[in-house]
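In: I'd like to go over a predicted model; first the sequence, then the structure.
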Amino acid sequence: MSTPQPQAVTERPTWNLDSPELYLNRELTWLAFNWRVLNEAEDERTPLLERLKFVAIVSSNLDEFFMKRIGGLKQQRGAGVSSLTVDGRTPEQQIAEANRVVRELEARVTAALDTVLGKLEAHDIRIVDYASLPQGDRSYLREHFFDNIFPLMTPQAIDPAHPFPFVSNLSLNLLVKVRLPGELGRISLARIKVPVGGDVPRFLKLHDVNHFVPLEQVVIHNMDMLLPGVEVLSCEMFRVTRNANTERAEEQADDLLVMIESELRDRRFAPIVRLQVQTGMDPVHRGMLAAELALDENQDVFDCPDRALLAPRDLFQIAFLPISELHDPPHQPIDHPELVDQQRNIFHIIRDRGPLLLQHPYESFVTSVERFLREASQDPKVHAIKMTLYRTSGDTKVVDYLINAARNGKQVAVVVELKARFDEAANIRWATRMEEAGVHVTYGVVGLKTHSKIILVVRRDYNGLRRYLHVGTGNYHAGTARLYSDLGLLTNDVDLGRDATELFNFLTTGYTPERKYRKLLPSPRMLKHALLARIERERKLHTPEQPGRIQFKMNALEDVDIVRALYEAARDGVRIDLIVRDTCRFRPGLEGLTESARVVGIVGRFLEHTRIYYFQNGGDEEYFIGSADCMKRNLESRVEVVVPVEAPALRKDLRVLLDTQLEDKRSAWDMQPDGSYVQRRPATEAEKVGCQERLIRAAEKRLKDAAKFREKGGRRRAAKAPR
């Protein structure tokens, strides 16, 4: 009889939470998000013009990446920063790795664009070469060029008498080589800026067909107007990207408005961080441009294939052609079920119904948030309106309502964030306009960006002064409210109202940052500590019989302390679901560490922008929504606001939203342990419907159910009204 052999024991790995390999790189994970966006352009399930839109989005995102992230890394390198990131990289290493990924990404952008344009030809939508046009079309374009574009252009010679000209950010340019008459055929160079922008489109449309000619080709083939009497030997395109990081120290500024205006001027002349040229450019010209622009020719110059389009971000012009069969099914936001009655006072609705959860873009921003402000500006019982404004738009009525409120004798105080990246000039205009109308405008607290989205309305009700609030996850911007997924809470909760008063008093003075808040979780003083404490609490409450659970939905998970705390919770077995749009340092599925965790990314027709924080808390569940991502800057150097959602009906809605996205098989991607992503594939017809489409249907069903309830004479009571 044989002796039983002992079973081999497989040791589970022991992880050092300080190890750089545990933390994915911020820049590379953001670029990985763009691979997922580009997949929508490659996916045959996506309508053709939507595919073209995703090509343009990726191009626009990469421009911003160089302006913000590569620009910042180059500043670090220039300052001699040699310390490693938490993932173990120097600024130089991050630049090199990011450039490699960008080159691969741009090659796929070119291939995707070729495919999409080829398929669009079946619908007679084409980008055509000027050289292939019949004479009649050439004559039409030449006349159009002469009347509408030629007067806007200024050729600039490059020679000893004319130094290398200033090249503006993201502009399209032609480097033209010419032979001058006489003078023994002397060769010279000139730079010509292609005047895209304003009312000059990148693509000129031919007559009544959807055939488009790139403006740069029209310029090239009519060069005799710009440079008469010379022989044009070559025309080569190039484009530059400038650093957008030109912030100055606020603490030393006497006037923040003047400082921001100076920063905008600085940005116009900021160092160039990328040069894009067409493949085949004369090597001498390529080197000359790199040298004149103070760039490393090997690292900072990006070649665009001749067949490719420089700056495909301009394809938005064609992507928005109104051809319904080539777009997603049309979507019109519907009214929130409790806000259908436009005649009833919205403050009475909130007071009688209780808090309302708004889900944009499924539910209308105009008939909820804008209505809240409109009625506040007109209601004689409203005495004060206080609001933060990070970004807004020309088609949003927000500023108009605030001005009307001031003219109607109400106290109106608005905290405008002048340093909202790329919206500084617009915010200066809004701020100036409001100040001229009597609105009290302040610019937040020195050293902190005001990124919170909150409105406080003070109203004299029948039983005294009451505070009404809107707290949101998205900007007060009507345009993005139709394109971004966001949440908002309308409430007159007494404690939240008191908290909001404390918050605005801090924002308008900067005094006493340590304030007592009952429910609101603002950063930078409270939010990070509150999140870390709740993650730790989930660890302590976790048992094998009743596993702990944490669910976060956000744009980015970058803060190292939060990631480390999540690692500790996952190591103890807490179930962790992270729905993260782009940057994510956390690695799921690691044996012995994060086997109970998963990271899911959603890419669909709407940009995911919602922030939700959920803790199971031993059965006493907590839900929070707000403006903050788990990024170091949001938690430590911005004023953010996160608010609890306490009403059972609203928590049910948040549960549906989270579960719908976690169960998605059409738009969801699962992060693998190495940080790569795999897209889920539907196995049934029902699974082919993505989570965003399901949320559209859910909103429509809520509205129909509420209508049926009212038809049956249902009473408006929070406990019974369907939601």
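Out: That came through fine.
In: What degree of burial does residue 492 show, as a neighbour count?
Out: Using other Cβ atoms under 10 Å, residue 492 is surrounded by 18 other residues. All C-beta spots, glycine's among them, are computed from the backbone N, C-alpha and C.
In: Surely it and residue 465 touch.
Out: No - with contact defined as Cβ atoms under 8 Å, residue 492 and residue 465 do not form a contacting pair (11.1 Å).
In: What segments of the stretch 151-300 of the chain are helices?
Out: All helices of the stretch 151-300 of the chain, identified by DSSP state H, counting those that start in this stretch, fall at 215-220, 223-226, 256-268, 283-292, 297-300.
In: Now the weakest link among those helices, please, by mean pLDDT.
Out: Taking each of the helices of the stretch 151-300 of the chain in turn, the lowest mean pLDDT turns up on helix 256-268, with a mean of 57.
In: Check which helices and strands the longest helix along the chain is in contact with.
Out: Using DSSP state H, we find that the single longest helix of the chain is helix 91-120. Helices and strands touching helix 91-120, by 3 or more Cβ pairs under 8 Å, 6 or more residues apart in numbering; DSSP states H and E, are helix 26-42, helix 48-65, helix 71-78, strand 125-127, helix 297-300, strand 301-304.
In: Report the backbone C-alpha coordinates of the third one in CSV.
Out: When you say that, I think you mean helix 71-78. The C-alpha atoms that make up helix 71-78 are tabulated as CSV, following Å, rounded to 0.1, in the frame of the first residue of the first chain:
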residue,chain,number,x,y,z
GLY,A,71,3.3,70.3,-22.1
GLY,A,72,3.4,69.8,-18.3
LEU,A,73,5.9,66.9,-18.6
LYS,A,74,8.2,69.1,-20.7
GLN,A,75,8.0,71.8,-18.0
GLN,A,76,9.0,69.2,-15.4
ARG,A,77,11.9,68.0,-17.5
GLY,A,78,13.0,71.6,-18.1
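In: Now it: average pLDDT?
Out: Across helix 71-78, the average pLDDT comes to 92.
In: Residue 93 and residue 575, how far apart?
Out: Taking Cβ to Cβ, to the nearest Å as the criterion, residue 93 is separated from residue 575 by 35 Å.
In: whoops, residue 670 was the one
Out: If you go by Cβ to Cβ, the gap between residue 670 and residue 575 works out to 15 Å.
In: before we move on, what about residue 382?
Out: Here the criterion is Cβ to Cβ. By it, residue 382 lies 45 Å from residue 575.
In: which stretches of the stretch 201-350 of the chain form strands?
Out: 203-205, 210-214, 231-242, 272-278, 301-304 (DSSP state E, counting those that start in this stretch).
In: out of the ones you listed, deepest packed?
Out: strand 272-278 (a mean of 22; mean count of other Cβ atoms under 10 Å).
In: Which strands or helices does that strand pack on?
Out: Here strand 272-278 is seen to pack against strand 231-242, helix 283-292, helix 297-300, strand 301-304 when contacts are counted using 3+ Cβ pairs under 8 Å, 6+ apart.
In: What residues of the second one count as buried?
Out: To tie it back to what came earlier, the one meant is helix 283-292. Burial within helix 283-292, assessed by neighbour count using 16 or more other Cβ atoms under 10 Å, is assigned to 285, 286, 288, 289, 290.
In: Give the next helix or strand downstream of the host helix or strand of residue 506.
Out: Following DSSP states H and E, the helix or strand that holds residue 506 is helix 494-509. Tracing the chain C-terminally past helix 494-509 and defining elements by DSSP H and E, one meets strand 521-523 next.
In: All the helices of the stretch 401-550 of the chain, in order from the start?
Out: With DSSP H, counting those that start in this stretch as the criterion, the stretch 401-550 of the chain has helices spanning 424-436, 494-509, 527-541.
In: Show me what the last one is packed against.
Out: Helices and strands in packing contact with helix 527-541 are listed as strand 549-554, helix 560-571, strand 612-615, helix 632-636, strand 638-644; criterion 3+ Cβ pairs under 8 Å, 6+ apart.
In: Now render the ones you listed as a markdown table, adding mean pLDDT, mean neighbour count and distance to residue 585.
Out: Supplementary listing: the helices and strands packed on helix 527-541 in a markdown table, determined by pLDDT from 0 to 100; neighbours: other Cβ atoms under 10 Å; distance: least, Cβ to Cβ, whole Å:
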| stretch | mean pLDDT | mean neighbour count | distance to residue 585 |
| --- | --- | --- | --- |
| strand 549-554 | 98 | 24 | 12 |
| helix 560-571 | 98 | 20 | 5 |
| strand 612-615 | 98 | 22 | 17 |
| helix 632-636 | 96 | 19 | 11 |
| strand 638-644 | 97 | 25 | 19 |
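In: between those, which gets nearest to residue 660?
Out: Shortest distance between residue 660 and the helices and strands packed on helix 527-541, using Cβ to Cβ, is found for strand 549-554: 11.2 Å.
In: So what angle separates the directions of that closest one and helix 560-571?
Out: When axes from the mean of the first three to the mean of the last three Cα atoms, to 10 degrees is applied, the directions of strand 549-554 and helix 560-571 differ by 150 degrees.
In: quick one: contacts of strand 549-554?
Out: When contacts are taken as Cβ atoms under 8 Å, 6 or more residues apart in numbering, the neighbours of strand 549-554 outside the stretch itself are 535, 538, 566, 569, 574-581, 608, 610-616, 629-630, 658, 661-662.
In: where's that strand relative to the chain centroid, distance-wise?
Out: Between the centre of strand 549-554 and the centre of its host chain there is 20 Å, according to Cα atoms, centre = their mean, to the nearest Å.
In: partners of that strand, with directions?
Out: Using DSSP bridges, the neighbouring strands of strand 549-554 in the sheet come out as strand 575-580 (parallel), strand 612-615 (antiparallel).
In: any idea of the mean pLDDT in the helix or strand following the shortest one?
Out: Helices and strands here follow DSSP H and E; after strand 612-615, the next one along the chain is strand 622-626. Model confidence over strand 622-626 averages 98 on the pLDDT scale.
In: in strand 622-626, what counts as buried?
Out: Going by neighbour count (16+ other Cβ under 10 Å), the buried part of strand 622-626 is 623, 624, 625, 626.
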